[in-house]
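Asks: The following block contains a protein sequence and its predicted model.
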Amino acid sequence: IRKEIQMKKLKTITALLLATVMLAACGGSENKKKISIAYANWSEGIAMTNLAKVIFEDQGYEVKLLNADLAPIFASLSRKKADVFMDVWMPVTMADYMQEYGDKLEVIGNIYDNARIGLVVPEYVTINSIEELNAEKDRFSGEIVGIDAGAGIMKATDQALKDYQLDYKLLTSSGPAMTASLKKAIDKNEWIVVTGWTPHWMFDRFKLKILQDPKTIYGAVETIHTVAWKGFSEQDPFAAQLLKNMHLTDEHISSLMTAIEDAQTSETEAARQWMNEHKELVDSWIPKDSATE
């Protein structure tokens, strides 16, 4: 009888130990891998960041999104307060930030390689070059509608005002405010010039053109990179490899941004729907090693 009691106790202890191990293996969020992704209020960054969020969540990660202006984003990355920023334009647009913080950062990969910045006007505007702006100052009300004060395109536009001797005022606003002003002007068939860039959903929505830039103040074609704090890829090689594998064509990024902009649901849900509709592409980005291993 004593032997049977001992055997029952042993089985009970074994069962409890097994249950404890299973609970630890399937435990709560404290056992999940975590990643924080910073982003600015720019259409391509919002789209790419939300896409990364749903992909990482499917891989078992707890994802935190951090919205801020450019300067705080780079400062946060350098101090490991944020892990990743997926919208770094190089070699020109964000050169100042990379020069200041580059020794504390690592470039993970490039997600898009056909980006451009410049001054954008509706297609019906009859000028084609920045050099022609002064002659049409009154039609543009002497204003260039800009975005966030710290953005690289704003710094480039300040330089363009000097180099082209433009008698214009550069207005600081935001990405959404800029596109709202653009839509309002187009609805009235008025002339407007804005700081713009591709990729952006506005080029799908409206007929636009980027003004020629003979002095190349805005540079040529740029690449959008994913950047993390230095050492991130060693701490989380799976996440770094996934981010490195992410690459979008013109068609992909255009459809993703349009899906996000036109979404009746949240940006995250729109990104999830796009991910499900492009499963083969997304699956090709996932490293073979499991995120939880």
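Replies: It's in.

Asks: Do you have the helices of the stretch 1-150 of the chain handy? List them.
Replies: 2-25, 43-58, 70-78, 95-101 (DSSP state H, counting those that start in this stretch).

Asks: least reliable of those helices going by mean pLDDT?
Replies: Comparing mean pLDDT across the helices of the stretch 1-150 of the chain, the lowest value falls on helix 2-25: a mean of 46.

Asks: which stretches of the stretch 101-250 of the chain have low pLDDT?
Replies: Filtered on pLDDT under 70, the stretch 101-250 of the chain yields no residues whatsoever.

Asks: do that again at 90, thanks
Replies: For the stretch 101-250 of the chain, applying pLDDT under 90 flags the ranges 149-152, 175, 198-199, 201, 203-205, 219-221, 250.

Asks: how about the strands in it?
Replies: Taking DSSP state E, counting those that start in this stretch as the test, the strands found in the stretch 101-250 of the chain are 105-122, 143-145, 169-171, 194-198, 208-210, 222-229.

Asks: What are the buried residues along the last one?
Replies: Same thing as strand 222-229. For strand 222-229, burial by neighbour count (16 or more other Cβ atoms under 10 Å) applies to Glu222, Ile224, His225, Thr226, Val227, Ala228, Trp229. Where you see a C-beta, it was placed from the backbone N, CA and C, and this is true even at glycine.

Asks: I'd like to know how far the spatially most central residue of the chain sits from Met94.
Replies: The chain has Gly45 as the residue nearest its centroid, 2.1 Å off, counting by Cα atoms, centre = their mean. Counting by Cβ to Cβ, to the nearest Å, the gap from Gly45 to Met94 is 12 Å.

Asks: can you check Leu171 too?
Replies: As defined by Cβ to Cβ, Leu171 lies at a distance of 21 Å from Met94.

Asks: Those two: who's more crowded?
Replies: Neighbour count, other Cβ atoms under 10 Å: between Leu171 and Met94, Met94 has more, with 24 against 15.

Asks: and the closest residue to the more buried one other than its chain neighbours, how many neighbours?
Replies: Nearest residue to Met94 in three dimensions, chain neighbours excluded: Gly152, at 5.0 Å (Cβ to Cβ, 6 or more residues apart in numbering). Applying other Cβ under 10 Å, we find 23 other residues in the vicinity of Gly152.

Asks: Make sure Gly152 is actually in contact with Thr93.
Replies: Yes - contact criterion Cβ atoms under 8 Å: Gly152 and Thr93 qualify, at 3.5 Å.

Asks: list residues touching both of those two?
Replies: Common contacts of Gly152 and Thr93, defined by Cβ atoms under 8 Å, 6 or more residues apart in numbering, comprise Ile117.

Asks: Among the buried residues of strand 222-229, which one lies nearest to Leu242?
Replies: Nearest to Leu242 among the buried residues of strand 222-229, counting by Cβ to Cβ, is Thr226 at 10.1 Å.

Asks: Okay, that closest one and Ala259: tell me how far apart.
Replies: 20 Å.

Asks: Kindly report the same for Ser174.
Replies: 21 Å.

Asks: what does Asp204 give?
Replies: 11 Å.

Asks: These two: which is more packed in?
Replies: More neighbours surround Ala259 than the other of Asp204 and Ala259, with 19 against 14 (other Cβ under 10 Å).

Asks: and the more buried one, what is it in contact with?
Replies: Each residue near Ala259 by Cβ under 8 Å, 6+ apart is listed here: Ala47, Ala270, Ala271, Gln273, Trp274.

Asks: what's the answer for Trp201, then?
Replies: With Cβ under 8 Å, 6+ apart, Trp201 has these contacts: Ser43, Ser254, Met257, Thr258, Ile260, Glu261.

Asks: Would you format the residues you listed as a markdown table with distance to Tyr218 and secondary structure included?
Replies: Listed next are the contacts of Trp201 as a markdown table, based on distance: Cβ to Cβ, whole Å; DSSP: H, G, I helix; E, B strand; the rest coil:
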| residue | distance to Tyr218 | secondary structure |
| --- | --- | --- |
| Ser43 | 18 | helix |
| Ser254 | 21 | helix |
| Met257 | 21 | helix |
| Thr258 | 24 | helix |
| Ile260 | 25 | helix |
| Glu261 | 24 | helix |
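
Asks: Any of these buried? List them.
Replies: By neighbour count, with 16+ other Cβ under 10 Å, the contacts of Trp201 hold Ser43, Ser254, Met257, Thr258, Ile260, Glu261 as buried.

Asks: Ser254 is in contact with the first one, correct?
Replies: Just to be clear, that refers to Ser43. No - taking Cβ under 8 Å as the definition, Ser43 is not a contact partner of Ser254, at 10.6 Å.
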